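> Pasting the sequence and the predicted coordinates here, then a few questions.
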Amino acid sequence: MKILVAVKRVAALEEDFEIRDDGRDVDPDFLNFDLNEWDDYSLETAVQIKEAAGDGVEVVAVTVGPDDADEVLRKCLAKGADRALRVWDDALEEADPIAIARVLAAVAQKEKPDLLLAGTQSSDHGHAATGIALSALLDWPHAAVVAALDFKPGSATALVQRELEGGLLQSVEVQTPAVLTIQLGINTPRYASLRGIKQAASRPIETATPQELGVADDALGAAGSHSRVRRMYVPEKGRAQMIEGSAAEKAARLIQIIREATGA
Amino acid sequence: MTQGILVIAEHRQQALRPVSLELVTAAQGVRGAFGDKVTVAVIGKGARSHESALSVAGVDELVFVETPDTEFEADTWEAAVTALAEELKPAVVLVAHSVDSMAFAAGLAVKRGWGYATDVFGLAEDGGALVATRGGYGQKLNVELEFPGRETVLAAVRGGSFKPPQQPGSPAARDLAFAAPKARTRSVAYIEPPSTGDIDMTTREFILSVGRGVGEQDNIERFRELADALGASLGCSRPVADSGWLPKSRQIGQSGKTAASCKLYVAMGISGAIQHLAGMKHVETVVAVNTDPNASIFTVARYGVVGDMFEIADELEKQLG
């Protein structure tokens, strides 16, 4: 029994940043990277299934990204993944979520997992698309925004709770193998132990190119994408009136604003 | 050649979700450039029951697709939209960016070869092509997407981005015959969030909310006392509720409560994830305190303070006596 967990190295802007000369993205010098928050929860979900089963469950973390993405895979290894796999080719630089899903689908076809977990969305661009695009490419049953999961290895179905708007939950039975997109709060992700971090540093990270996995040229990167970024820009700041001064002056103004608004 | 705009209405537990009408307005903005007809489709058992609610200005035609179940099922919805698209050949398909569309829209775009964009809050035409605007890098930037070579584009539109039409209309109405596929998932039940006996945040007029910036559970009590001193009810963003530091009933946002009666909302240590903004951005007076001057909470705030929530709290406590 195998669980494949798709993870992403997400980017956050530094306080000061510059847009690239072509206007289509941020200059990467101004980005900080980390494991996507949602993926921390899906990895934990997989590791908990493995631990509950005793043995016989393999957890494989996979990411699509350049060399630097190894750091998020090491995090996954430190937290309990058995193997880590990274796929990259420079042609993927222009990939949208669907083109990323094409690579992940090729990995899934090779690895043949019984369950495939992905984060509901990523904290940088929040498309909420990759996992379900992947399910379509594999033609697998799927459920999105899963906030609770009951799955016994070997079972033909999984019982999930989808988190709907307003906190309403929908209990859904899904045939397996399935793709599930995992929501925040499904569990409490563990911290990696010092020992785990140390061991992960020396463990191998398997690598492959999309070509080796059989992704065709016309499905690769921009060619396999269903959208293209035309422009990125800083939005109007809206109507916020910024309050300046010392902390005491700011607090005094806040009290004044609160008293005016509440009529107190 | 594709033409026209297809809107997929969304409903749950027999009620039309308000975003369905916002999609009708979104469709008006791209009308003309992509054909003049706006068709709104309702998928589900008893789809006709939503006819009067959807008979608004800007809708040319309503199409009802009967399915075995009243409630959403991903495989069924995907097949129903496919059937609609094969008949209508639309240039633009609009769905809500919702938990339900997250379960089928990306798959549909893959299988149909459609252009695809999610969480879209702006739609425009430029040189005969559709341009969709969404957020990037945690909503700190706006991103314009284009869809080269795609005859049909599927856009999932963010709730609250467009105002619903105010005028009634009299669209044509018909049924579309549809044979539902064998579904691979089955809706078992809905589970209402547990009633905790806690205060109802939807009725509160003054809310002070804390976010990830609060740091740890031990700091919650202090902000509860500060809220009390100010006459506010203490709310929170998702990470605080997920950590169990405050009950889920205090969480403001898409999967929590909407601050429906709120007139004054003070957000401390909340960066402003779009899911949180969905529950409070309508509030008349929003005051935000955050260390990050680029935090997206400042895009919806009326007053902003760049600063440490603990330092500001120190001063507030001191000055309130």
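Ah, there it is.
> CA atoms for contacts and neighbours, from now on please.
Will do.
> Where does pLDDT dip in the stretch 151-264 of chain A?
A:237-239, A:264 (pLDDT under 70).
> mind redoing it with 80?
Within the stretch 151-264 of chain A, the ranges that satisfy pLDDT under 80 run A:236-239, A:264.
> Tell me which stretches of it form strands.
For the stretch 151-264 of chain A, applying DSSP state E, counting those that start in this stretch gives strands covering A:157-163, A:169-175, A:178-182, A:206-208, A:228-233, A:241-242.
> how about CSV for these, with mean neighbour count and distance to chain B added?
Formatted as CSV, the strands of the stretch 151-264 of chain A follow (neighbours: other CA atoms under 10 Å in any protein chain shown; distance: least, CA to the nearest CA, whole Å):
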stretch, mean neighbour count, distance to chain B
strand A:157-163, 23, 7
strand A:169-175, 21, 4
strand A:178-182, 28, 9
strand A:206-208, 14, 24
strand A:228-233, 18, 5
strand A:241-242, 16, 5
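> so can I have TSV of those showing distance to residue A:35?
Formatted as TSV, the strands of the stretch 151-264 of chain A follow (distance: least, CA to CA, whole Å):
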stretch	distance to residue A:35
strand A:157-163	23
strand A:169-175	27
strand A:178-182	15
strand A:206-208	18
strand A:228-233	23
strand A:241-242	32
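> what's the closest of these to residue B:133?
Comparing the strands of the stretch 151-264 of chain A by their distance to residue B:133 (CA to CA), the top pick is strand A:228-233, with 9.4 Å.
> circling back to that earlier point, ok, which of the strands of the stretch 151-264 of chain A comes nearest residue B:93?
When the strands of the stretch 151-264 of chain A are ranked by proximity to residue B:93 (CA to CA), strand A:228-233 comes first, at 17.8 Å.
> got the residue ranges for the helices in chain A?
Counting by DSSP state H, chain A has helices at residues A:37-53, A:70-78, A:97-111, A:130-138, A:194-202, A:247-262.
> helices or strands up against the fifth one?
This means helix A:194-202. helix A:70-78 (3 or more CA pairs under 8 Å, 6 or more residues apart in numbering or on different chains; DSSP states H and E).
> which helices and strands sit right next to the helix it packs on?
By 3+ CA pairs under 8 Å, 6+ apart, helix A:70-78 packs against strand A:31-35, strand A:58-64, strand A:83-87, helix A:194-202.
> and residue B:223, which of those is closest to it?
Closest among the helices and strands packed on helix A:70-78, using CA to CA: strand A:31-35, at 29.7 Å.
> buried residues in that closest one?
A:31, A:33, A:35 (16 or more other CA atoms under 10 Å in any protein chain shown).
> Pick the most deeply packed of the helices and strands packed on helix A:70-78.
strand A:58-64 (a mean of 25; mean count of other CA atoms under 10 Å in any protein chain shown).
> Quick check: neighbours of that strand in the sheet, parallel or antiparallel?
Partners of strand A:58-64 in the sheet, by DSSP bridges, are strand A:2-7 (parallel), strand A:83-87 (parallel).
> Surely residue B:298 and residue B:304 touch.
Yes. In this structure, residue B:298 is within contact of residue B:304 by CA atoms under 8 Å, at 6.2 Å.
> Spell out which residues are contacts of both of these two.
A:240, B:288 (CA atoms under 8 Å, 6 or more residues apart in numbering or on different chains).
> Now for the residue nearest the centre of chain B: which residues touch it?
Closest to where the C-alpha atoms of chain B average out (CA atoms, centre = their mean) is residue B:159, at 3.5 Å. Shown in contact with residue B:159 (CA under 8 Å, 6+ apart): B:19, B:22, B:96, B:97, B:278.
> do you know how far residue A:122 is from residue B:239?
15 Å (CA to CA, to the nearest Å).
> who has more neighbours, these two?
The residue with more neighbours, out of residue A:122 and residue B:239, is residue A:122; 24 against 18, by other CA atoms under 10 Å in any protein chain shown.
> Tell me the pLDDT of the more buried one.
Residue A:122 is assigned a predicted lDDT (pLDDT) of 97.
> The stretch 151-300 of chain B: helices as residue ranges?
B:220-230, B:238-242, B:274-277 (DSSP state H, counting those that start in this stretch).
> Show me the contact partners of the longest one.
What it means is helix B:220-230. So helix B:220-230 is contacted by B:207, B:208, B:210, B:214, B:233, B:234, B:245, B:313, B:317, B:320 (CA under 8 Å, 6+ apart).
> of those residues, buried ones?
Buried, going by 16+ other CA under 10 Å: B:207, B:208, B:210, B:214, B:233, B:234, B:245, B:313, B:317, out of the contacts of helix B:220-230.
> between those residues, which is nearest chain A?
Nearest to chain A out of the buried ones among the contacts of helix B:220-230 is residue B:313 (CA to the nearest CA; 7.9 Å).
> Next up, the contacts around that closest one.
By CA under 8 Å, 6+ apart, the neighbours of residue B:313 are A:251, B:223, B:226.
> Considering these, which possesses the most neighbours?
Neighbour-wise, these (other CA under 10 Å) top out at residue A:251, 24 neighbours.
> Find the helix or strand that the residue nearest to that residue when sequence neighbours are not counted is a member of.
Nearest non-adjacent residue to residue A:251, counting by CA to CA, 6 or more residues apart in numbering or on different chains: residue B:316, 5.4 Å away. Taking DSSP states H and E as the definition, one finds residue B:316 inside helix B:309-320.
> what comes up buried for that helix?
B:309, B:310, B:312, B:313, B:315, B:316, B:317.
> Residue A:161 is in contact with residue A:148, correct?
Yes. Residue A:148 is in contact with residue A:161 according to CA under 8 Å; the separation is 5.0 Å.
> how far away is residue B:130 from chain A?
Distance of residue B:130 to chain A, given as CA to the nearest CA, to the nearest Å: 11 Å.
> rewinding a little: can you flag which of the buried ones among the contacts of helix B:220-230 belong to strands?
B:207, B:208, B:210, B:233, B:234 (DSSP state E).
> what bridges to the second one?
If I follow you right, that is residue B:208. Bridge pairing for residue B:208 - DSSP bridges - gives residue B:234, residue B:266.
> Can you give me the distance of it to residue B:223?
8 Å.
> residues shared between the contacts of the two?
Contacts common to residue B:208 and residue B:223, judged by CA under 8 Å, 6+ apart, are residue B:234.
> Distance of the residue nearest to residue A:207 when sequence neighbours are not counted relative to residue B:280?
Excluding the flanking residues, the one nearest residue A:207 by CA to CA, 6+ apart is residue A:86, at 4.8 Å. Applying CA to CA, the value for residue A:86 to residue B:280 is 40 Å.
> All the helices of the stretch 1-150 of chain B, residue numbers only.
B:19-30, B:74-88, B:105-112.
> Would you mind putting those helices into CSV with distance to residue A:128, mean neighbour count and mean pLDDT alongside?
Supplementary listing: the helices of the stretch 1-150 of chain B in CSV, determined by distance: least, CA to CA, whole Å; neighbours: other CA atoms under 10 Å in any protein chain shown; pLDDT from 0 to 100:
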stretch, distance to residue A:128, mean neighbour count, mean pLDDT
helix B:19-30, 18, 22, 97
helix B:74-88, 15, 19, 97
helix B:105-112, 9, 23, 98
